[in-house]
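> coords below, sequence missing:
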């Protein structure tokens with residue numbers, strides 16, 4: 001390959017936005033694959049209604065149950081579309097954040113204020129959700145369509161011998177549940193939860209990095225893993241109730257009676273969950289989520305930084 005072409009390619013890859021886009025996408029797909037079994041267990045816990053508790057006894061027991069009922073493939077059901085979703089989701093998120101930052105810098109200040117980082121993170125979160133939400137909805141459907149969720153399982157399997165895949169699911173939702181609007185069912189609670197989650201995640205991670213000596217930021221991947229786990233865990237805990245709402249709204253049309261819940265708005269959903277399941281109901285699946293989000297964000301942030309360093313050093 002011509003050396004001039006190689007040089008231009010390196011310069012293109014090393015642009016902040018392009019670098020963040022590639023690094024974020026690769027890091028996101030890799031990290032989510034690592035924790036796919038925990039992600040599926042979390043979703044199953046979230047969509048279980050008051051009278052539907054097919055999965056219980058802890059995260060590890062639930063993972064073992066899925067293994068026995070569906071084999072090892074069951075642990076990764078929905079992961080393919082999740083990777084298709086998470087690559088552009090993470091790419092848009094990191095690239096948008098890096099693109100916005102220069103416009104928020106105050107004159108004479110080398111770094112953004114905490115408030116500016118939070119604002120940039122909110123915009124990045126909204127952009128990533130908007131760009132990939134239909135894939136997130138379908139991923140949730142794929143995660144539960146073969147699960148042992150009481151009457152829902154028989155109802156779903158009564159319609160088809162083989163559960164539909166990604167394309168068939170998107171087509172079915174579009175044709176039978178309300179067109180484009182149906183592909184964004186649950187978008188509002190998702191946005192309310194994801195935007196501040198992304199903002200907190202970026203803000204906490206960068207804030208913790210700034211507290212460390214410079215050498216630790218560059219030469220100690222274990223420290224990056226730790227900071228990523230902390231930032232992801234804290235941010236998700238604060239915004240978790242909206243993540244639960246996101247999943248429930250995404251599966252409502254699969255049969256509200258079978259799922260054990262029915263909501264007509266975000267506010268109504270919050271009130272109903274508290275009334276029927278108590279405040280603990282807002283954090284159903286939280287333990288499984290921590291098993292997922294902390295190692296996931298640890299791997300994602302460390303991978304993101306390492307890929308950026310590698311490409312920058314080309």
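Structure's in. What do you need? This structure is a prediction, so every number in the text was calculated from the model and none was measured.

> pLDDT score for the spatially most central residue of the chain?
For the chain, residue 86 is the residue whose C-alpha lies nearest the centre (C-alpha atoms, centre = their mean; 7.3 Å). Predicted confidence (pLDDT) for residue 86: 86.

> give the contact list for it.
Contact partners of residue 86, counting by C-beta atoms under 8 Å, 6 or more residues apart in numbering, are 25, 28-29, 32, 132. (C-beta placed from N, C-alpha, C; glycine too.)

> tally of neighbours for residue 262?
Residues near residue 262, counting by other C-beta atoms under 10 Å, number 13.

> And it, how close does it get to residue 122?
30 Å (C-beta to C-beta, to the nearest Å).

> ok, now residue 270?
Distance, residue 270 to residue 122, by C-beta to C-beta: 21 Å.

> okay, those two: which has more neighbours?
More crowded of residue 270 and residue 122, by other C-beta under 10 Å: residue 122, with 22 against 18.

> correct me, but that one touches residue 198?
Yes: at 7.1 Å, residue 122 and residue 198 qualify as touching, with contact defined as C-beta atoms under 8 Å.

> Narrow the contacts of residue 86 to those in strands?
The members of those all map outside strands under DSSP state E.

> In a markdown table, list these along with neighbour count and distance to residue 290.
Listed next are those as a markdown table, based on neighbours: other C-beta atoms under 10 Å; distance: C-beta to C-beta, whole Å:
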| residue | neighbour count | distance to residue 290 |
| --- | --- | --- |
| 25 | 23 | 24 |
| 28 | 27 | 19 |
| 29 | 23 | 21 |
| 32 | 22 | 15 |
| 132 | 21 | 23 |
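
> wait, which of these is closest to residue 242?
Proximity of the contacts of residue 86 to residue 242 (C-beta to C-beta) peaks at residue 132, which lies at 17.0 Å.

> leaving aside the residues next to it on the chain, what's closest to that closest one?
residue 89 (4.4 Å; C-beta to C-beta, 6 or more residues apart in numbering).

> secondary structure element for the one you found?
helix 79-104 (DSSP states H and E).

> where in the stretch 151-300 of the chain is pLDDT low?
Applying pLDDT under 70 to the stretch 151-300 of the chain flags the ranges 151-164, 214-219, 253-261.

> do that again at 80, thanks
Counting by pLDDT under 80, the stretch 151-300 of the chain shows low-confidence ranges at 151-166, 212-221, 250-262, 264.
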